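Student: 3D model of this:
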Amino acid sequence: MSGYAGKAANNGGCCDKIIMDHCKVSYGAELQNLGTYKRNAYIRELRDRYGLSIRQIEIQEGIYT
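Tutor: Numbers count the residues shown, from 1 in each chain. Next comes the predicted model:
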């Protein structure tokens, strides 16, 4: 799991780091610039692998799905 403690590590700062590391972006808003299919695949992976909720991703990155 790349050094993250799964669902226990889902505070705000850690969410940002998880999202940026996993999605290979320098800031979260870059996810909005990805194609819909790729963005949705990343969101699904963040939810399934790291236990992030859609709401956490929306709050941290300003993405509204």
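Student: Give me the pLDDT for the nearest residue to residue 62 once chain neighbours are set aside.
Tutor: Leaving aside its chain neighbours, residue 62 sits nearest to residue 29 (5.6 Å; criterion: CB to CB, 6 or more residues apart in numbering). Where C-beta positions appear, they are placed from N, C-alpha and C, glycine not excepted. Residue 29 is assigned a predicted lDDT (pLDDT) of 78.
Student: helix/strand/coil for residue 29?
Tutor: Following DSSP: H, G, I helix; E, B strand; the rest coil, we place residue 29 in the helix state.
Student: hang on, it packs against residue 60?
Tutor: No - the pair residue 29 / residue 60 is not scored as a contact, 10.1 Å apart, by CB atoms under 8 Å.
Student: The two: who's more crowded?
Tutor: Using other CB atoms under 10 Å as the criterion, residue 29 and residue 60 rank with residue 60 on top: 19 against 11.
Student: show me the contacts for that one.
Tutor: 12, 15, 16, 19, 28 (CB atoms under 8 Å, 6 or more residues apart in numbering).
Student: any idea of the pLDDT on it?
Tutor: Here the pLDDT value assigned to residue 60 is 75.
Student: Now it: which helix or strand?
Tutor: In this structure, residue 60 sits in helix 54-61 according to DSSP states H and E.
Student: quick check: longest helix of this protein.
Tutor: In terms of residue count, the longest helix belonging to the chain (DSSP state H) is helix 36-50.
Student: Does anything pack onto that helix? Which helices or strands?
Tutor: When contacts are defined as 3 or more CB pairs under 8 Å, 6 or more residues apart in numbering; DSSP states H and E, helix 36-50 sits against helix 12-23, helix 54-61.
Student: Next, the buried residues of the first one.
Tutor: Judged by neighbour count using 16 or more other CB atoms under 10 Å, the buried positions of helix 12-23 are 14, 15, 18, 19, 20, 22, 23.
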